[in-house]
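Asker: Next input, structure requested:
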Amino acid sequence: MAVIISSGYSVVNEIPTGNIDGINTVYYTAQKFKVNSLKVYRNGVLQKPFVHYCEGTAIQPNTDQGFTMIRIPKTGDRLSVEYDMALN
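Answerer: Below you'll find the predicted structure:
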């Protein structure tokens, strides 16, 4: 269950959409996020931007609601995200 902290419009502990099947690399957040505010956790471990994931997708490189995993999550892995919501 995602929690929205209203004072700063931050989202924590959100489960992104997208299949975790050892093939899929593209995932989406429920809300648009501010650039460079996205934090991705894989099995509870904070991932590093540009090492483990990058904001945007190959289809939509400038999207503010999607991200691409560089290291593909395997079946059974858990992904969660936190971010500051874009207000526009």
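
Asker: Low-confidence regions, this structure specifically.
Answerer: 1-8, 58-63, 88 (pLDDT under 70).

Asker: distance between the ends of stretch 42-56?
Answerer: 18 Å (Cα to Cα, to the nearest Å).

Asker: in it, what's buried?
Answerer: 42, 47, 53, 55-56 (16 or more other Cβ atoms under 10 Å). For the C-beta atoms, the positions are set from N, CA and C on the backbone; glycine is no exception.

Asker: Then stretch 66-77?
Answerer: Residues of stretch 66-77 classed as buried by neighbour count (16+ other Cβ under 10 Å): 66-69, 73.

Asker: Of the buried residues of stretch 42-56, which belong to strands?
Answerer: 42, 53, 55 (DSSP state E).

Asker: between these, which is closest to Y9?
Answerer: E55 (17.6 Å; Cβ to Cβ).

Asker: Tabulate the buried residues of stretch 42-56 (JSON lines), appending distance to V26.
Answerer: Formatted as JSON lines, the buried residues of stretch 42-56 follow (distance: Cβ to Cβ, whole Å):
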{"residue": "R42", "distance to V26": "15"}
{"residue": "Q47", "distance to V26": "15"}
{"residue": "Y53", "distance to V26": "10"}
{"residue": "E55", "distance to V26": "12"}
{"residue": "G56", "distance to V26": "10"}
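
Asker: and these, which two are the farthest apart?
Answerer: Going by Cβ to Cβ, the pair spanning the buried residues of stretch 42-56 furthest: R42 and G56, at 18.1 Å.

Asker: Can you give me the first-to-last residue distance of stretch 10-27?
Answerer: For stretch 10-27, the end-to-end distance is 19 Å (Cα to Cα).

Asker: before we move on, back to that, of the buried residues of stretch 42-56, closest to M85?
Answerer: Nearest to M85 among the buried residues of stretch 42-56, with distances taken as Cβ to Cβ, is E55, at 14.2 Å.

Asker: mind listing the strands in the protein by residue range?
Answerer: Using DSSP E, strands in the chain cover 3-5, 10-14, 26-28, 39-42, 45-46, 53-55, 66-69, 79-84.
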